[in-house]
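Chemist: Just need the structure, nothing else, for what follows:
(2 chains)
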2 protein chains.
Amino acid sequence: MSNSRADILAAARGVLTRHSLADLTMRRLAAEVRVRPNALYWHFPNKQTLLAALADDILASVPGPDPALPWDRQLADLATGIRAALLAVPDSAEVVSSSWASGLSDKAVADVITAVAVAGGLTDRDAQAITTAICQLVIGLTIEEQTRAQMERLGVIGPSGRDFGAEFADGLDVILDGARHRAAAIDA
Amino acid sequence: MSNSRADILAAARGVLTRHSLADLTMRRLAAEVRVRPNALYWHFPNKQTLLAALADDILASVPGPDPALPWDRQLADLATGIRAALLAVPDSAEVVSSSWASGLSDKAVADVITAVAVAGGLTDRDAQAITTAICQLVIGLTIEEQTRAQMERLGVIGPSGRDFGAEFADGLDVILDGARHRAAAIDA
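Modeler: Numbers count the residues shown, from 1 in each chain, chains lettered A, B, ... in the order given. Below you'll find the model as predicted:
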């Protein structure tokens, strides 16, 4: 009959994994952790706060970058790490998008991307621009991939035959080319 | 009491504008156009088909690129045009993402981006990569912006203070730098 914050977040992941984001209501979550809805609100005053905590929790598993690697390789590893963290939890890309929209997420992983780009020699504005392009590639494409997976799970459609991993890697390479070009322009 | 395909799509836009994507059910849509649900299914066998037609309809308003302009400028205009078309209809970025996921959209606007990049001298694979990066920047960031707008409309949160237009323009510039770098590498 535990209802700690961590238990609630684990239960929320469980609802996403076994069902979908549409099924993640405060009422259902309370039933999952076997508490009254009011007890949930002690930890999370509303659904937006819950989704933001869930997003930060999911992205907390992204490994920090290896400072021994070149900065552009660190960016690639971060992007790939975010994608892997999202793919581990169905519908999580939409949860992260929503939590970034609400402004209630700490956006820690986005700050790390920006910091790596700045350490690579980019201006704050360029580093921010690269963060936007990388994050939206990961989030946008993963929303599409997880929506597709949901449709296939429900049996409304067959396999897409798309290689989302290759689409992601190729799109990321173009953005990193742009980042390297910016860094070189500043060096010159 | 008309229930042509165009009337149904117009009614679907109306539901998004006055309500939200969550409210866009086949039942509600049938009520809006004043027909029985079965009549809807004559035009759209299921909701995925409807969403794909709606996505293609919304993106049909994106102006074609001006072939007199440089290819990278044409790409910028296309990206900006997609963003403007999406911002005109609440929740439409999620509709487009979902229709691209289902594979039922014609993705015509994505094909135009790829064709402009190829005409600019890029390989098919690079052109595809640039299309992915541009489309997901537009879709991903606009999903976030429209989710935020919905939260503000419902009064659950105040204005974000974010300049999504500037975030978009800066992110797009980085991707176009990457695209120009690819084109220059092929020229060299």
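Chemist: for stretch A:39-51, which positions count as buried?
Modeler: For stretch A:39-51, burial by neighbour count (16 or more other Cβ atoms under 10 Å in any protein chain shown) applies to A:40, A:43-44, A:47-48, A:50-51. Backbone N, C-alpha and C define where each C-beta goes, glycine included.
Chemist: Mind checking if that stretch is in reach of chain B?
Modeler: Yes - judged by Cβ under 8 Å from any Cβ of the partner chain, stretch A:39-51 comes into contact with chain B at A:46, A:48.
Chemist: Next step: the buried residues of stretch A:39-51 restricted to helices.
Modeler: Counting by DSSP state H, the buried residues of stretch A:39-51 place A:40, A:43, A:47-48, A:50-51 in helices.
Chemist: roughly how far out does stretch A:106-119 sit from the chain middle?
Modeler: Stretch A:106-119 sits 14 Å away from the centroid of its parent chain (Cα atoms, centre = their mean, to the nearest Å).
Chemist: right, and the helix or strand after the helix or strand harbouring A:Asp72?
Modeler: Assessed by DSSP states H and E, A:Asp72 sits inside helix A:71-87. Next helix or strand after helix A:71-87 toward the C-terminus (DSSP H and E): helix A:92-102.
Chemist: Restrict the next helix or strand after that next one to CA atoms and write it as CSV.
Modeler: The helix or strand immediately downstream of helix A:92-102 is helix A:108-119, counting by DSSP H and E. Taking C-alpha atoms only, helix A:108-119 is exported to CSV below (Å, rounded to 0.1, in the frame of the first residue of the first chain):
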residue,chain,number,x,y,z
ALA,A,108,17.9,18.9,-17.8
VAL,A,109,18.9,16.8,-20.9
ALA,A,110,18.3,19.8,-23.2
ASP,A,111,20.5,21.9,-20.9
VAL,A,112,23.3,19.3,-21.2
ILE,A,113,23.1,19.4,-25.0
THR,A,114,23.3,23.2,-24.9
ALA,A,115,26.3,23.1,-22.5
VAL,A,116,28.2,20.6,-24.7
ALA,A,117,27.6,22.8,-27.8
VAL,A,118,28.9,25.9,-25.9
ALA,A,119,31.9,23.9,-24.7
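Chemist: what comes up buried for helix A:108-119?
Modeler: A:109-110, A:112-114, A:116-118.
Chemist: Give me the packing partners of the worst-scoring helix or strand of chain A on mean pLDDT, helices and strands only.
Modeler: Every helix and strand of chain A was ranked by mean pLDDT, DSSP states H and E. The lowest is helix A:37-43, at a mean of 89. The contact analysis (3 or more Cβ pairs under 8 Å, 6 or more residues apart in numbering or on different chains; DSSP states H and E) places helix A:37-43 against helix A:5-18, helix A:26-32.
Chemist: rerun at 6 Å
Modeler: helix A:26-32 (3 or more Cβ pairs under 6 Å, 6 or more residues apart in numbering or on different chains; DSSP states H and E).
Chemist: Identify the residues contacting the helix it packs on?
Modeler: By Cβ atoms under 6 Å, 6 or more residues apart in numbering or on different chains, the residues outside helix A:26-32 that reach it are A:11-12, A:37, A:40, A:47.
Chemist: which one of the ones in helices among the buried residues of stretch A:39-51 is nearest A:Glu152?
Modeler: Comparing those against A:Glu152 with Cβ to Cβ places A:Leu51 closest, at 24.3 Å.
Chemist: Flag every residue of chain A that's near chain B.
Modeler: Contact residues, chain A versus chain B (Cβ under 6 Å from any Cβ of the partner chain): A:97-98, A:100-101, A:103, A:129-130, A:132-133, A:136-137, A:139-141, A:143-144, A:147-148, A:160, A:167, A:170-171, A:174-175, A:177-178, A:181.
Chemist: Can you turn the buried part of those residues into a ChimeraX selection?
Modeler: Buried residues within the residues of chain A next to chain B, by 16+ other Cβ under 10 Å, are selected in ChimeraX with:
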select /A:97,98,100,101,103,129,130,132,133,136,137,139,140,141,143,144,147,148,160,167,170,171,174,175,177,178,181
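Chemist: Poorly predicted segments of chain A, please.
Modeler: Across chain A, the ranges flagged by pLDDT under 70 are A:1-3.
Chemist: run the last query once more with 90
Modeler: Scanning chain A for pLDDT under 90 picks out the ranges A:1-4, A:35-39, A:154, A:156, A:184-188.
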